[in-house]
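> Compute the structure for the input listed below.
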Amino acid sequence: MASSSETFSARPVITLSVDCMGGDHGTRVTLPACLSFLERHADAALLLVGAAAELKDFSHPRARVIEATEVVGMDDPIEVALRKKKDSSMRVAIQQVKDGAAQAAISAGNTGALMAIARYLLKTLDGIDRPAIAPQLPNSKGGATTVLDLGANVDCDAEDLLQFAVLGSALVSALTGNESPSVGLLNVGEEAIKGSETIKKASLLLRKAASSKDLNFYGNVEGNDIFKGTTDIVVCDGFVGNVTLKASEGVAAMIVEFLRIEYSNGIMGRLAAIVSYPVLKALKRRLDHRRYNGAALLGLRGLVFKSHGSADQVAFGHALDRAYDAARNNLLDRVRARIAHAAPLLAREQSAMQADVAALHV
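Coordinates of the predicted model:
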């Protein structure tokens, strides 16, 4: 019988391609994070993409440098990134996934450019019209709620929201092992009669998906349900999702700063801080958005992960971990399987949906 170490070493190597130049901090963050990642994962390898001069001092037996002569700036228009910077570190990193040299790509660069380049190079999966960004937000149950879309698609129709639910379910099942994660539809109330026409149509589609066992649809949820952990997944359009993400990060930072100020005022405050230090430390860790960094761009024919542009070494390391977990757990195959099973529903005619919506008003 093989030892556990022999079994572990026999696992196939997961190779990730990293845009080392992207984000606010570039190689000052990405390279230390990559080194730490390789130390944590003995079955992983990295393709480090960027300017040769900035990567020349990085040395590791499971890392290889791939030169790229251009960088996509955080304020570069999508057209510039897509059509004029064809040798950017972002594009070359994604090209590694297309060529089969890497199982996933990670970048902290310009979100719009990343989505455009990834979609151009990798294309969308059959049955999916728009890729979605799917990060995780901490909830009060001690876990995280996956929310999508978080900014890739500002205007969404009912079919888009259904597709996001299918994609999110595949992601959560791949990363957690839960084969039937619950899905909530973000709305202004739990009642089926509430919300815009798009939300009502989406609700009907999701109920249909539940009846055919394609999804585990919980029903409508409200904003506070994200942080209560009412469902494993919450589906919304990109405008609402992005506002939710930024607001939650702001509130978390405000709470941590408020507690720091309160407990640093006077002798009593410092004594209270000493007594409550374990609780404060746990709270700070739970609210630390760096632990949840790394959002999948779902719906593509390859795995791409987006890190916050302002990510530090710890946060970028978590993004690398998420990409590794997705590749290790065959996320892409799970997404394809769910889409294939839900294909008849995803192709449902618009006229049939309109008839169902009309029935709500009877």
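
> Please, where are all the helices along the stretch 201-350 of the chain?
Along the stretch 201-350 of the chain, counting by DSSP state H, counting those that start in this stretch, helices occupy 223-228, 238-262, 266-275, 277-287, 313-328, 331-346, 350-360.

> Now do the buried residues in the first one.
Of the residues in helix 223-228, those buried by neighbour count under the rule 16 or more other Cβ atoms under 10 Å are 223, 225-227. Any C-beta I mention is one placed from the backbone N, CA and C, and that applies to glycine too.

> Please apply the same query to the fifth one.
Of all the residues in helix 313-328, those buried under the rule 16+ other Cβ under 10 Å are 313, 315-328.

> how far is that helix from where the chain is centred?
10 Å (Cα atoms, centre = their mean, to the nearest Å).

> Mind giving me the packing neighbours of that helix?
strand 14-19, helix 27-40, strand 104-107, helix 158-176, strand 303-306 (3 or more Cβ pairs under 8 Å, 6 or more residues apart in numbering; DSSP states H and E).

> Find the centremost residue of this structure, please.
Ala295 (1.8 Å; Cα atoms, centre = their mean).

> Pick the most buried one from the helices and strands packed on helix 313-328.
strand 104-107 (a mean of 31; mean count of other Cβ atoms under 10 Å).

> With only the CA atoms kept, save whatever helix or strand comes next after it in CSV.
Counting by DSSP states H and E, the next helix or strand C-terminal to strand 104-107 is helix 111-122. C-alpha atoms of helix 111-122 as CSV (Å, rounded to 0.1, in the frame of the first residue of the first chain):
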residue,chain,number,x,y,z
THR,A,111,-11.7,44.2,-14.6
GLY,A,112,-13.3,45.3,-17.9
ALA,A,113,-10.1,44.5,-19.8
LEU,A,114,-9.8,41.1,-18.2
MET,A,115,-13.3,40.2,-19.0
ALA,A,116,-13.0,41.4,-22.6
ILE,A,117,-9.7,39.6,-23.3
ALA,A,118,-10.8,36.4,-21.6
ARG,A,119,-14.1,36.4,-23.5
TYR,A,120,-12.2,37.1,-26.8
LEU,A,121,-9.6,34.5,-26.4
LEU,A,122,-11.5,31.7,-24.6
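
> picking up where we left off before, the helices and strands packed on helix 313-328: lowest mean pLDDT?
For the helices and strands packed on helix 313-328, mean pLDDT drops lowest on helix 158-176, to a mean of 89.

> moving C-terminal of it, what's the next helix or strand?
Where DSSP H and E defines the elements, the next helix or strand beyond helix 158-176 is strand 182-186.

> Distance from that following strand to the middle of the chain?
17 Å.

> List the residues that contact the closest residue to Leu167 other than its chain neighbours.
Spatially, and ignoring its direct neighbours in sequence, Leu167 is nearest to Leu298 (4.0 Å; Cβ to Cβ, 6 or more residues apart in numbering). By Cβ atoms under 8 Å, 6 or more residues apart in numbering, the contact set of Leu298 is 131-134, 148, 164, 167-168, 170-171, 335.

> before we move on, what about Ala319?
106, 108, 293-294, 305-307, 311.

> switch the cut-off to 7 Å
Counting by Cβ atoms under 7 Å, 6 or more residues apart in numbering, Ala319 touches 106, 293-294, 305, 307, 311.

> For the residue nearest to Leu161 when sequence neighbours are not counted, grab the count of nearby residues.
Among residues not flanking Leu161 along the chain, Ala202 sits closest, at 4.0 Å (Cβ to Cβ, 6+ apart). The burial count assigned to Ala202 is 29, neighbours taken as other Cβ atoms under 10 Å.

> Pull up the gap between Ala202 and Phe227, please.
Noted for Ala202: a distance of 22 Å to Phe227, by Cβ to Cβ, to the nearest Å.

> One more: Phe316?
For Phe316, the distance to Phe227 - Cβ to Cβ - is 25 Å.

> what does Leu206 give?
On the measure of Cβ to Cβ, Leu206 and Phe227 end up 21 Å apart.

> And for Ser211?
Distance of Ser211 to Phe227, given as Cβ to Cβ: 29 Å.

> And for Met115?
26 Å.

> isn't His171 right up against Leu297?
Rather than His, residue 171 is Leu. No: between Leu171 and Leu297 there is no contact under Cβ atoms under 7 Å: 10.7 Å.
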